[in-house]
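Enquirer: next come a sequence and a model predicted from it.
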4 protein chains.
Amino acid sequence: MSSSVKDKSIGIGVIGTGFMGKAHSIAYSASASVFGTGLRPRLEIVCDLSPERASQRATDLGFSRYSDTWRDVVEDDQVHLVSICTPNDTHAEIAIAALAAGKHVWCEKPMSTTLADSTAMANAAASSAGKTIVGYNYTKNPAVTHARRLIDDGVIGRVSGFFCRYDVDNEADGNRPWSWRMSRAQSGTGSNGDVLSHVISVAHFLTNSSISRVVGDYTIVHKERADSQATGQTKVVDNDDMVAALIHFENGVKGHIGASRVTWGRKCGLRWELHGTEGTIIYDQERLNELKLFTRQDNPATDGFRTILTGPLHEPYAAFLPNGGHSLGYMDVKICELHDLLSAIEAKSQVWPSFSDGLKIERVMDAVDRSAQTNKWVDV
Amino acid sequence: MSSSVKDKSIGIGVIGTGFMGKAHSIAYSASASVFGTGLRPRLEIVCDLSPERASQRATDLGFSRYSDTWRDVVEDDQVHLVSICTPNDTHAEIAIAALAAGKHVWCEKPMSTTLADSTAMANAAASSAGKTIVGYNYTKNPAVTHARRLIDDGVIGRVSGFFCRYDVDNEADGNRPWSWRMSRAQSGTGSNGDVLSHVISVAHFLTNSSISRVVGDYTIVHKERADSQATGQTKVVDNDDMVAALIHFENGVKGHIGASRVTWGRKCGLRWELHGTEGTIIYDQERLNELKLFTRQDNPATDGFRTILTGPLHEPYAAFLPNGGHSLGYMDVKICELHDLLSAIEAKSQVWPSFSDGLKIERVMDAVDRSAQTNKWVDV
Amino acid sequence: MSSSVKDKSIGIGVIGTGFMGKAHSIAYSASASVFGTGLRPRLEIVCDLSPERASQRATDLGFSRYSDTWRDVVEDDQVHLVSICTPNDTHAEIAIAALAAGKHVWCEKPMSTTLADSTAMANAAASSAGKTIVGYNYTKNPAVTHARRLIDDGVIGRVSGFFCRYDVDNEADGNRPWSWRMSRAQSGTGSNGDVLSHVISVAHFLTNSSISRVVGDYTIVHKERADSQATGQTKVVDNDDMVAALIHFENGVKGHIGASRVTWGRKCGLRWELHGTEGTIIYDQERLNELKLFTRQDNPATDGFRTILTGPLHEPYAAFLPNGGHSLGYMDVKICELHDLLSAIEAKSQVWPSFSDGLKIERVMDAVDRSAQTNKWVDV
Amino acid sequence: MSSSVKDKSIGIGVIGTGFMGKAHSIAYSASASVFGTGLRPRLEIVCDLSPERASQRATDLGFSRYSDTWRDVVEDDQVHLVSICTPNDTHAEIAIAALAAGKHVWCEKPMSTTLADSTAMANAAASSAGKTIVGYNYTKNPAVTHARRLIDDGVIGRVSGFFCRYDVDNEADGNRPWSWRMSRAQSGTGSNGDVLSHVISVAHFLTNSSISRVVGDYTIVHKERADSQATGQTKVVDNDDMVAALIHFENGVKGHIGASRVTWGRKCGLRWELHGTEGTIIYDQERLNELKLFTRQDNPATDGFRTILTGPLHEPYAAFLPNGGHSLGYMDVKICELHDLLSAIEAKSQVWPSFSDGLKIERVMDAVDRSAQTNKWVDV
């Protein structure tokens, strides 16, 4: 490897080795091969609370070193970019320390478990030269970024409505035992924080605006669940299985959003529609290589929604595959997300969603929660 | 024709000869051929304000007589069942007169233009032996009635959420001139009364419950439109192009609904989802012969939404076609609607949605309207 | 009814009162109401071998008279148009007699059970003033006729390939007992005559050409079936459960076709694709209100198959419904078929597929059969 | 990295750095991270005819060394597995040399450009301890391997028909200039070798049988194309733009297959159907995370095709993602293919499709070609 290439490399530390830690690591491994240009990740160090697991994962994932202490990563001189893939309530401390140490930070969503923590994270980012990004990956798919470009280019005119649900089946089975996720005290909100957060990220990204006012509503579908300790007792579920809200955006657009963690049959059921004065765009995350677009044709007798298959004309698909319709997957989109961050680091430019953008998303979740408690429209 | 058959015939009068008058007439013509049993409609008299048009339509549609005065129909001794297919603001007067004259009434939706009129209609029906039905035909499709049976049979467990939008493109083109439909003074609400009313009918039918509490919101997308008089002036649109609401049902189910008259690409875009504790049902009116159902299979590796094609096992499809998948159309569903009414007349049984049921639908529209004006949750 | 209208009426006789007899009768009842112009059917006489059934069906279907002898219909002075909805092996005798009596004939498909009979029918038609049509209704759907217009207008350039299968599940269950349909001696070919015939009709209609050369192949999937007499014995199935062929058209287009009567899950699974030098059209009979069209757009980044929903711009949809996406059904398409015939009778013009056109379809079935027996390419 | 881990590593050489060379390299980089067990690829050396490009690609793709001579790779002591991603007419020489040198070989499809070369490759593999695999990746998708398991488990009963087309738009535009791919002398067959080969691989994989008899047919849609040298002249296209065949399998199953390189709108349009005596499976490569399955349910009123979304229950999806419906992409499937090969190398077990299996595929292509030349059914 020539020295000129070495100059373009960037040292990586990953904290947390669950699924997201693995996903980040795979993205770091593949990024340079896929894009062939830009900063080249060097997998320096990986961290897991268990030293045995840390060692094993270093081997599996291709890191040079490992540690069971996250501060080792944050303080490592060879590390310039830190991935935070730990439980949500640890994000803030790690992220703030990493930023203080001058690192760039790729933090999984949601930012944290309290608005105070998220605010502190955004403040830390504001006073640091480090780039930050929150892992709202459903905005990074080339089909979705293409939709954003279509909107920016006026292809559907002025946006007139945004409608989105994200339904998953994680807790659909009422026989699944109670878990800490179902406790407001231990987990905060339920579907609001876990699932609706993605919806809000998509809403902000596509409209290039922010939700400013909401009225929200919760449903607890399975009000009691069996104690997982097999005590024969049940425990109360006191956070939301489903959430819904009417929304207003700063730019005047209105719409409604919803989410559920208890919907049978939906595996990754994020579906959104953008209505505009000249057209309509529809998307379904379970078919992430397709975008449906309606705009008027010269001959109305052949009008209809077009199913656009993602291809080389939809950046950065061409970095992955030379032919359209061959399909990107979840992991590829995660690589796109990383590429956005690396490009911003290299160019010293903005990347979305930074901690500041992530905080706006958290504030909407908080407003939905306040509204659901008070049964009133509330400002974000 | 034998006398025994004659005994089972029923005299028909149709008031209004626009599309719905034609649709009712075709339904009357075909009903006996399709079902082969039950009351046999005799097309007695048709009414249009224009005597020339009335005469022509009598010929076209197969009526024995015609009139340019609706009272001639209502008071006709040979008429037992009156179809009201006139402008919405005339429904109440005609319906009340018909009921007073002892007729059965098939009234197109919405019932009227004011809650007072609808209430008067429901009262008139309550004190009459005549059967009434309001033309909410999207509840009459065999796919939809099958969904209701599945729900009643517990196939998806306890219903946990109802989500529905109905989007059409009637006024999507911002260059279409202003019309009376866009005036709150002349037409009342916009998408709420015209489009959302169907959504509410479906909501009530499928859940076998009623919406009891709402928070609603309006959007006027095209705030001004050209004067249709080609004056070069514009006129203000002051009723809703889009409407959305969070809803609670009497039985505790929650959900959200929405409608639009300005959505490009949606022609008959009524789509609903019912989430339950054991499964999910999805429907799209633009594919009215399909129902999507998810319930757990014995082998989760082959779980997935099933696309059920309507067929002879879904009553009363078999009256139309011997084989599944051959597709019913809008007009067939209208014939199903008539069949429900004729069966109720013959059996002296209930039919849904009667004027009383229709009034419940109107009250929800009214509540959405009040909520959208006051920005508060309101009781229906 | 004014005399001028009476002059435009046409006397109808229907022979056979099974499903197709009912379908023809409903079409006759509704036609004038739907179209409002043109010849007005008068339902004169219906025939069934059972006088009781004939009488009952006359009542149900609205005929003035009935008979248990088909010659009564064919020779009836008040009858100008005869529908033949009897078993296939009776078509020829009835049709030839009707044509000899100067009647127009609407004959259900297939024309007959032998090429000799079909030829005799075509000859009879050629020497008669009567119009003839064979009931290949999958060519009469407005979506399909629109496809033909698109092709004629060059929207997809020069046609380069035609690919079509028609799969149904009629005999999919191997436990269904043996029937005469499964006997080459009693029924002729199996899926070839019953199912593939529709495919060939579509092939000829869409390409405006005829299949001229084929190589065919048969599969008998269930080689033995239980005797329906519950003897505990099995009987041999000796005609085709599945058929497939490579085809050449007179105009040089090539393609392949196939059919099956034993395919689980396909209810009316007629799907075809037309590939052209400038575009592609796809259709699925189970979604008969949709046509998928691909042609290049100015911006290839938004290219994709368009799903065209049938609407008023696709003749004669507007005769049924004022708004697109509201869906026609099987029976509506049968009414379109009748309308084509009535228009041709009135205008003394051509109608497709006449007995002559039907014979061309039969000859392709025969060629496929000869090829499957000899394992060679054969000329039609 | 511990020595025990080192023992499980395997040295990799990649020859050819076009898209497939890149794809293989990414798969080698990600494989260990994804699967976490098994042989760990060490990217030793990459080869490109251009030393500059070889050097650059070594950097981009993470190889330690590079060469502009393929023999350097084949003879490299540190290399145990060689990827052949060069033009098709070079596969045989390289593969035979690699096998002679005791290497394992991952060769891109098709095997070669002549049956003689492919036979020589299969012979070389037979006399070597090296494992071989041909890159027919459409058989490696977890949805597809799940289909195979369903078939093996008898879920759809006995297979009764296989129907498949693969249409792409590579040469759909008639204005694209002539290329060597359109010359039978320079490229051999057209769509047969390039596109249909994938179809045959899927046919063999899913049925666990081989095509034994065919009748094939070619279409040249664009018979002349502009000379790419901008001479103003046209050149003759003399190989197949489209190919179709009726097929018999050794196990008695019949079906038809087809392919096209000139079909507008199809980007990766590989669609297949398997009909069985108890059910039907349908697949579309453009929606590679979905499998459609029909089998009888207890209640026929809720029968329908199920859309199965790939998830953790469909091996080896779980190695990539913990939740269903999150979507694998093309590159993930290529990683699955590599995993099959590495597992076979480690376990000294069989892998499909080896050179021997690939040769069977080539023989079918050859038989289709012979049949298309002679217009006869031919044995493979």
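Expert: Ah, there it is.

Enquirer: now the residue lying closest to residue A:119 once chain neighbours are set aside: which helix or strand?
Expert: Of all residues not flanking residue A:119 in the chain, residue A:359 sits nearest, at 6.2 Å (C-beta to C-beta, 6 or more residues apart in numbering or on different chains). To be clear about C-beta, it is placed using only N, CA and C from the backbone, and glycine gets the same treatment. For residue A:359, the element it lies in under DSSP states H and E is helix A:355-374.

Enquirer: CA atoms only: put that helix into CSV for me.
Expert: Written as CSV, here are the backbone C-alpha positions of helix A:355-374 (Å, rounded to 0.1, in the frame of the first residue of the first chain):
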residue,chain,number,x,y,z
PHE,A,355,-26.4,14.9,16.7
SER,A,356,-28.1,18.3,16.2
ASP,A,357,-30.5,16.7,13.7
GLY,A,358,-31.0,13.7,15.9
LEU,A,359,-32.0,15.9,18.8
LYS,A,360,-34.8,17.4,16.6
ILE,A,361,-36.0,13.8,16.1
GLU,A,362,-35.9,13.1,19.8
ARG,A,363,-37.9,16.3,20.5
VAL,A,364,-40.7,15.1,18.2
MET,A,365,-40.8,11.8,20.1
ASP,A,366,-41.0,13.8,23.3
ALA,A,367,-43.8,16.0,22.0
VAL,A,368,-45.7,12.9,20.9
ASP,A,369,-45.3,11.5,24.4
ARG,A,370,-46.4,14.7,26.1
SER,A,371,-49.4,14.9,23.8
ALA,A,372,-50.4,11.3,24.4
GLN,A,373,-50.3,12.0,28.2
THR,A,374,-52.3,15.3,28.0
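
Enquirer: quick one: name the residues of the stretch 151-300 of chain A near chain C.
Expert: Contact residues, the stretch 151-300 of chain A versus chain C (C-beta under 8 Å from any C-beta of the partner chain): A:155, A:291, A:293, A:297, A:300.

Enquirer: tell me the two of those residues that are most distant?
Expert: The span of those, defined through C-beta to C-beta, is set by A:291 and A:300 at 21.7 Å.

Enquirer: these two: which is more packed in?
Expert: The neighbour comparison of residue A:291 against residue A:300 (other C-beta atoms under 10 Å in any protein chain shown) goes to residue A:291, with 26 against 13.

Enquirer: tell me what that one is bridged to.
Expert: Residue A:291 has these beta-bridge partners by DSSP bridges: residue A:308.

Enquirer: read off the pLDDT value for it.
Expert: pLDDT, residue A:291: 98.

Enquirer: surely the residue nearest to residue A:119 and residue A:111 touch.
Expert: Yes: the criterion here is C-beta atoms under 8 Å, and residue A:359 meets it with residue A:111 at 6.9 Å.

Enquirer: spit out the residues that contact the two alike.
Expert: Here residue A:359 and residue A:111 share the contacting residues A:118, A:121, scored by C-beta atoms under 8 Å, 6 or more residues apart in numbering or on different chains.

Enquirer: write out the residues of the stretch 251-380 of chain A neighbouring chain D.
Expert: Close to chain D, as judged by C-beta under 8 Å from any C-beta, the stretch 251-380 of chain A has residues A:266-269, A:285-289, A:309, A:311, A:320-332.

Enquirer: let's see which of these end up in strands.
Expert: Among those, DSSP state E puts A:269, A:309 in strands.

Enquirer: just the buried residues of the residues of the stretch 251-380 of chain A next to chain D.
Expert: Among those, those classed as buried by 16 or more other C-beta atoms under 10 Å in any protein chain shown are A:266-269, A:285-289, A:309, A:311, A:320-321, A:323-332.

Enquirer: packing partners for the helix holding residue A:359?
Expert: strand A:104-107, helix A:115-126, strand A:132-134, helix A:197-207, strand A:211-219, strand A:242-249, strand A:378-379 (3 or more C-beta pairs under 8 Å, 6 or more residues apart in numbering or on different chains; DSSP states H and E).

Enquirer: any idea of the mean pLDDT for it?
Expert: Averaged across helix A:355-374, pLDDT comes to 98.

Enquirer: could you pull out the buried residues of that helix?
Expert: Applying 16+ other C-beta under 10 Å to helix A:355-374 flags A:355-369, A:371-372 as buried.

Enquirer: SS state for residue A:129?
Expert: Of the three states, residue A:129 takes coil according to DSSP: H, G, I helix; E, B strand; the rest coil.

Enquirer: from residue A:105, how far out is it?
Expert: Between residue A:129 and residue A:105 the distance is 12 Å, computed by C-beta to C-beta, to the nearest Å.

Enquirer: which one of those two is surrounded by more residues?
Expert: The residue with more neighbours, out of residue A:129 and residue A:105, is residue A:105; 28 against 10, by other C-beta under 10 Å.

Enquirer: the more buried one pairs with what?
Expert: Taking DSSP bridges as the rule, residue A:105 bridges to residue A:82, residue A:132.

Enquirer: doesn't residue A:341 make contact with residue A:27?
Expert: No: here residue A:27 does not reach residue A:341: they are 9.8 Å apart, not a contact under C-beta under 8 Å.

Enquirer: so between the two, which is more surrounded?
Expert: residue A:27 (27 against 23).

Enquirer: mind listing which of the residues of the stretch 151-300 of chain A next to chain C are in strands?
Expert: Reading strands off these with DSSP E, I get A:291, A:293.

Enquirer: nearest to residue A:181, of the residues of the stretch 151-300 of chain A next to chain C?
Expert: residue A:291 (32.4 Å).

Enquirer: verify the stated contact: the closest one with residue A:285.
Expert: No: assessed by C-beta under 8 Å, residue A:291 is found out of contact with residue A:285, at 11.5 Å.

Enquirer: residues contacting whichever residue of the stretch 151-300 of chain A sits closest to chain D?
Expert: Going by C-beta to the nearest C-beta, chain D is nearest to residue A:267 of the stretch 151-300 of chain A, at 2.5 Å. Counting by C-beta under 8 Å, 6+ apart, residue A:267 touches A:168, A:169, A:286, D:309, D:311, D:323, D:324, D:325, D:326.
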